[in-house]
Structures are given as C-alpha cells and as structure tokens.
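Visitor: have a look at this fold, sequence not included:
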C-alpha cells in the first residue's frame with residue numbers, strides 16, 4: 001500500500017490519499033491520472049489492469065485501488 005500511496009502522491013502532492021475516498025467523484029483524479037496510474041501500477045506491482053476494471057469505484061480511493069491490485073495479483 002505504501003508504494004501505491006507514493007505513486008498517488010507524485011500525481012497530486014496536495015491530496016491526503018490515505019483519507020480521501022471520493023477521488024473520482026470529487027474530480028481529484030482525471031483520465032490522464034488514471035492512464036498514469038495504470039502504467040505505474042503495472043511497473044510497481046507487475047499487474048495489468050484490464051479495461052473492464054477501469055471503473056470509478058475502483059479508483060475512488062487508495063484503499064479501493066489497492067484492493068483491486070490485490071485481487072488481480074491473486075488471479
């Protein structure tokens with residue numbers, strides 16, 4: 001989770017990603033951020049996020065995103 005928080009902090013240093021839970025709904029993350037996140041997650045965790053998982057609920061919080069990473073690692 002720490003590596004994911006570091007990736008998110010690089011995108012938006014002003015956001016407390018550990019506490020934020022409406023990243024998409026509050027328009028903190030945009031489509032360019034999502035593309036960057038998908039690439040960084042692939043590089044850091046060796047996990048490819050498939051298109052069908054590119055849903056707002058998977059990116060609304062660091063916790064939700066980390067749960068997605070763990071799910072994909074288990075597959």
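Guide: Yep, it's here. Bear in mind the structure is a predicted one, so any value in this text is a computation, not a measurement. Residues are numbered from 1 along each chain as shown.
Visitor: name the residues of stretch 38-55 that are buried.
Guide: 38, 40-41, 45, 47, 49 (16 or more other C-beta atoms under 10 Å). Backbone N, C-alpha and C define where each C-beta goes, glycine included.
Visitor: ok, residue 64 touching residue 55?
Guide: No: Residue 64 is beyond contact range of residue 55, at 9.6 Å (criterion: C-beta atoms under 8 Å).
Visitor: name the element the one residue sitting closest to the centre of the chain belongs to?
Guide: Centroid check for the chain by C-alpha atoms, centre = their mean gives residue 65 as the closest residue, at 4.5 Å. Per DSSP states H and E: residue 65 is located in helix 62-74.
Visitor: and the contacts of that helix?
Guide: Identification of contacts with helix 62-74 by C-beta atoms under 8 Å, 6 or more residues apart in numbering yields 1, 4-5, 8, 17-18, 20-21, 37, 41, 45, 47-49, 53, 57-59.
Visitor: let's see 7 Å
Guide: 1, 4-5, 8, 17-18, 41, 45, 47, 49, 53, 57-59 (C-beta atoms under 7 Å, 6 or more residues apart in numbering).
Visitor: likewise stretch 22-32?
Guide: By C-beta under 7 Å, 6+ apart, the list of residues contacting stretch 22-32 reads 12, 15, 20, 56, 59-61.
Visitor: still on that earlier bit, now the helix holding residue 65, how far from the chain's geometric center?
Guide: Its chain's C-alpha centre and that of helix 62-74 lie 9 Å apart, by C-alpha atoms, centre = their mean, to the nearest Å.
Visitor: okay, buried residues for it please.
Guide: Neighbour-count burial for helix 62-74 [16+ other C-beta under 10 Å]: 62, 64-66, 68-69, 72.
Visitor: any chance of these in TSV, plus pLDDT and distance to residue 25?
Guide: Shown next, in TSV, are the buried residues of helix 62-74 (pLDDT from 0 to 100; distance: C-beta to C-beta, whole Å):
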residue	pLDDT	distance to residue 25
62	98	14
64	98	12
65	98	14
66	98	18
68	98	17
69	98	20
72	97	23
